[in-house]
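Student: Could you look at this predicted model? Sequence included:
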Amino acid sequence: MEFKRWIFVNLSNVEGFSYDQVHWDILFGSLFWCLWKKQNEWILCDQDRYSEPILQRGMRLQQEAAAVRSTKAAIPLRGTILANVRWHKPQPGWCKLNVGGSVGRATGLATCGGVVRNKEGTWLIGFSRKLGICSILEAELWGLYEGLLTAWSIGIRFLLIESDCLEAVNLIAKRDSLLIVPSIIYYIAKLLNRAWSVKLSYWSEW
């Protein structure tokens, strides 16, 4: 079978080829993306963004995406939680914030960063922070907090946020994460309650 055809067949098959696996298309895409991303990180950064094994991360992504697929109603966050597969320009009058967090495999040291762009895709401001030792989820949440603070500081009042961490997006939306990292969720909630319009979006690179 030709390579592109093989990929298409796997991405189009929901039921899968193993007897006990549903959502095979998501699992295949997740694993394929994890392999591609790990290769790029080793080539370009000489390190992994995630210490999580490829199979484990792929299966976790599959479970998260399958949960989203089975839940058609979005969780409201004074706006909408969206699902994107690539970067799109925001609507007129809005700016877009892309954020992310990472944890070094060798050191365990975490960082977060992000960039704000306008409706034309023009870079407005960026940020990066060293966080010390924490989990990847906490790093992603710190990225959201720092991004909100940065956007507010330059006068943005209509903001669409894209994060590639579905767990962080859902924790903030559901407000049930106070048991995990109470301080950062609390301060994110305070920023979201300011006099502005914010939409939070899960952004997937695959």
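Tutor: Received, thanks.
Student: Can you pull the phi and psi angles for the residue nearest in space to the middle of the chain?
Tutor: Nearest to the geometric centre of the chain sits Asp164, at 1.2 Å (C-alpha atoms, centre = their mean). Backbone torsions for Asp164, taken as degrees, to the nearest 10, come to phi -90, psi 10.
Student: The nearest residue to it once chain neighbours are set aside and Lys4: what is the separation?
Tutor: Nearest residue to Asp164, sequence neighbours excluded (C-beta to C-beta, 6 or more residues apart in numbering): Trp203, at 5.3 Å. For glycine as for every other residue, the C-beta is placed from the backbone atoms N, C-alpha and C. Distance, Trp203 to Lys4, by C-beta to C-beta, to the nearest Å: 25 Å.
Student: What of Leu171?
Tutor: Counting by C-beta to C-beta, the gap from Leu171 to Lys4 is 37 Å.
Student: Of those two, which one has the most company?
Tutor: Shown here are Leu171 and Lys4; by other C-beta atoms under 10 Å, Leu171 has more neighbours (22 against 8).
Student: quick one, phi psi at the more buried one?
Tutor: According to degrees, to the nearest 10, Leu171 has phi -60, psi -40.
Student: my read: it touches Ile188, true?
Tutor: No - taking contacts as C-beta atoms under 8 Å, Leu171 lies outside contact range of Ile188: 9.4 Å.
Student: Look up the residues that both of these two are in contact with.
Tutor: Residues touching both Leu171 and Ile188 by C-beta atoms under 8 Å, 6 or more residues apart in numbering: Leu141.
Student: Tell me which other helices or strands the strand or helix carrying Ile43 touches.
Tutor: Taking DSSP states H and E as the criterion, Ile43 maps to helix 24-44. If you count contacts as 3 or more C-beta pairs under 8 Å, 6 or more residues apart in numbering; DSSP states H and E, helix 24-44 packs onto helix 3-11, helix 54-70.
Student: Kindly calculate the angle that the shortest one makes with helix 24-44.
Tutor: Taking axes from the mean of the first three to the mean of the last three C-alpha atoms, to 10 degrees, one finds that helix 3-11 is oriented at 130 degrees with respect to helix 24-44.
Student: Now helix 3-11: buried residues?
Tutor: Asn10 (16 or more other C-beta atoms under 10 Å).
Student: Which residue, other than its chain neighbours, is closest to the residue of the chain most remote from its centre?
Tutor: Relative to the centre of the chain, and counting by C-alpha atoms, centre = their mean, the farthest-placed residue is Met1 at 33.4 Å. Leaving aside its sequence neighbours, Met1 sits nearest to Val9 (C-beta to C-beta, 6+ apart; 7.3 Å).
Student: circling back to that earlier point, surely the residue nearest to the centre of the chain touches Ser201?
Tutor: No - between Asp164 and Ser201 there is no contact under C-beta under 8 Å: 10.1 Å.
Student: what's the offset of the longest strand seen in the chain from the middle of its chain?
Tutor: Longest strand in the chain by number of residues (criterion: DSSP state E): strand 123-133. Taking C-alpha atoms, centre = their mean, to the nearest Å, one finds strand 123-133 lying 16 Å from the centre of the chain it belongs to.
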